[in-house]
Structure formats: structure tokens, C-alpha cells
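Chemist: Requesting a structural model of the entry that follows:
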Amino acid sequence: QVQFVESGGGSVQPGGSLRLSCTASGFTLSTYAMTWHRQAPGKERELVARISSSGGGTVYADSVKGRFTISRDNAKNTLYLQMNSLKPDDTAVYYCYAHRWVVAGNGNYWGKGTLVTVSS
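Modeler: Residues are numbered from 1 along each chain as shown. Sure, this is the predicted structure:
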């Protein structure tokens, strides 16, 4: 049974920082390209960032470029999202997922996500 577990969310003031982590069970995270997505209240889930299996290639949504950094530690089977200069518009539930399943439209393994709230 594949399970993604996201952690590290919380409440932060505008301009603050958070680092999210993602681990997986039943799935060798280190083998695949991975993504971070987010879903804000009343909005559809959107891609935030993607990283290749080796970590050498990254892609970011325009809204987070220069502020967020996706990374991975394959030895620890863990994915990260460093979020700096947070804005209220970044408020959302953040999810990690395998890129291959995003492309295939396979939504069977979304986890519970971790809530990030940016507010003064």
C-alpha cells in the first residue's frame, strides 16, 4: 500500500519560512521524479514544483520561483520543499506525489497533506 506522508506545515507570518518534508511507504521515492502540489480553499490543486529522480532538474510554478526550493535526499527517501518569503496567497494544503502518476492521471495515492497558513 502506497502512502505519502507530508509534514512541516504550520502557521507563519508573511515573510516567514517553512520547510516541508515528504516520506513514503510502499514506494521507493528515491527512484522517481517527484512533485509538490498545493490546494488553497475553494481552488483546484496546482503544481508547485517538480524535481527529477537524481535531483539535478527542477521546475517551479511562476508564483513560487525564487522563493521556494524543492530538494531531495534519496539516501533518506525524503523529499523537501523549502519555502521562504511566504505570502498569504501561499496558504494551502501541500501534497507530495510521484510525477509519473500525475502525468498518468492516477490519483489513487494522494496523502492527507500538510497545512500551511500565512497570516499576520
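Chemist: So in this structure, where's the weakest helix or strand by average pLDDT?
Modeler: helix 99-104 (a mean of 89; mean pLDDT, DSSP states H and E).
Chemist: And whichever helix or strand comes after that one, what's buried?
Modeler: Going down the chain from helix 99-104, the next helix or strand is strand 114-118, by DSSP states H and E. When neighbours are counted by 16 or more other CB atoms under 10 Å, the buried residues of strand 114-118 are found to be 114, 116, 118. Where C-beta positions appear, they are placed from N, C-alpha and C, glycine not excepted.
Chemist: Pick the one among those closest to residue 74.
Modeler: residue 114 (21.0 Å; CB to CB).
Chemist: rewinding a little: mind putting the buried residues of strand 114-118 into a markdown table with distance to residue 94 and pLDDT?
Modeler: Compiled in a markdown table, the buried residues of strand 114-118 are given as follows (distance: CB to CB, whole Å; pLDDT from 0 to 100):
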| residue | distance to residue 94 | pLDDT |
| --- | --- | --- |
| 114 | 5 | 98 |
| 116 | 6 | 98 |
| 118 | 12 | 98 |
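Chemist: Tell me the buried residues in the helix or strand containing residue 72?
Modeler: Under DSSP H and E, the secondary-structure element containing residue 72 is strand 68-73. Going by neighbour count (16+ other CB under 10 Å), the buried part of strand 68-73 is 68-70, 72.
Chemist: mind checking the SS state of the closest residue to residue 15 other than its chain neighbours?
Modeler: Nearest-residue entry for residue 15: residue 85, 6.0 Å, with adjacent residues in sequence omitted and distances by CB to CB, 6 or more residues apart in numbering. Assigned state for residue 85: coil (three-state reduction, DSSP: H, G, I helix; E, B strand; the rest coil).
Chemist: for residue 85, what are its contacts?
Modeler: Applying CB atoms under 8 Å, 6 or more residues apart in numbering to residue 85 gives the contacts 15, 17, 67.
Chemist: who wins for neighbours among those?
Modeler: residue 67 (15 neighbours; other CB atoms under 10 Å).
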